[in-house]
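Colleague: here is my input, please return the structure:
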Amino acid sequence: MTVAFFSGKGRRIGVALGAVSAGLLVLSACDKPTPLATVTVGDTSVTTEASCYNDGDALKDSQIQACLNKKAEKSVKVAMDDKVRFGVDPEIADNGWTLFINGQQAEQEPYKRTYRSVPGSAFFSSQTGGTTNKTQVSIVETKGKKLTGIWHFELKKTD
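Modeller: Modelled structure (predicted):
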């Protein structure tokens, strides 16, 4: 003869509590995703999470140059006469963001809107006056004078 230690109702409650506990354990192991940045050229869009991000707090000074030098994982093809459209999550725009080209700051003042367009030709001239076939563009979120996030994209010139 077998003896039931728990009634049907007790087993269901136990299973439900176990499932809730397991779900909470799984969720606690997940990192909060970083805000997204997107580059669109024509009908092609590429979106990425930050290469370096500290939940909205300032990056350490010792991390910044290494982060700016990271290679972009996402790329998009750009013709010289294309418009390159940059889009960021509203929380990035609230703090302000600027473009860096090949690791160098390209503009002085942070931009405070979620979207902007730049001519493709702006990204393919070198400092020596020649042209280049690819350029790394970084979207850098700022909070005052501190950098808080960096997103990378590679723009590849088409003929």
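Colleague: helix, strand or coil: sort out Ile92 for me.
Modeller: Recorded secondary structure, Ile92: helix (DSSP: H, G, I helix; E, B strand; the rest coil).
Colleague: what's around it, how many residues?
Modeller: 26 (other Cβ atoms under 10 Å). From N, CA and C alone the C-beta is placed, and that goes for glycine too.
Colleague: name the spans of the chain whose pLDDT lies under the cut-off.
Modeller: Residues of the chain that meet the criterion pLDDT under 70 lie in 1-32, 126-130.
Colleague: now with 50, please.
Modeller: Within the chain, the stretches with pLDDT under 50 are 25-29.
Colleague: biggest strand in it by residues?
Modeller: As assigned by DSSP state E, the longest strand anywhere in the chain is strand 146-157.
Colleague: measure the closest residue to Thr114 other than its chain neighbours to Lys134 for me?
Modeller: Once flanking residues are discounted, Thr114 sits nearest to Ala93: 4.5 Å by Cβ to Cβ, 6 or more residues apart in numbering. Separation of Ala93 from Lys134 (Cβ to Cβ, to the nearest Å) stands at 27 Å.
Colleague: ok, the two, which is more surrounded?
Modeller: The residue with more neighbours, out of Ala93 and Lys134, is Ala93; 19 against 15, by other Cβ under 10 Å.
Colleague: contacts made by stretch 95-108 with the rest, please.
Modeller: 56, 65, 68-69, 86, 88, 109-112, 118, 123, 135-143, 148 (Cβ atoms under 8 Å, 6 or more residues apart in numbering).
Colleague: from those residues, which land in helices?
Modeller: Among the contacts of stretch 95-108, the members found in helices (DSSP state H) are Gln65, Leu68.
Colleague: filter the contacts of stretch 95-108 down to the buried ones.
Modeller: 68, 86, 88, 111, 118, 123, 135-142, 148 (16 or more other Cβ atoms under 10 Å).
Colleague: beta-bridge partners for Thr98, please?
Modeller: Counting by DSSP bridges, Thr98 forms beta bridges with Val140.
Colleague: what's the local residue count around it?
Modeller: Neighbours of Thr98 (other Cβ under 10 Å): 17.
Colleague: got it, and the one 3 residues further on?
Modeller: Counted with other Cβ under 10 Å, residues neighbouring Ile101 total 16.
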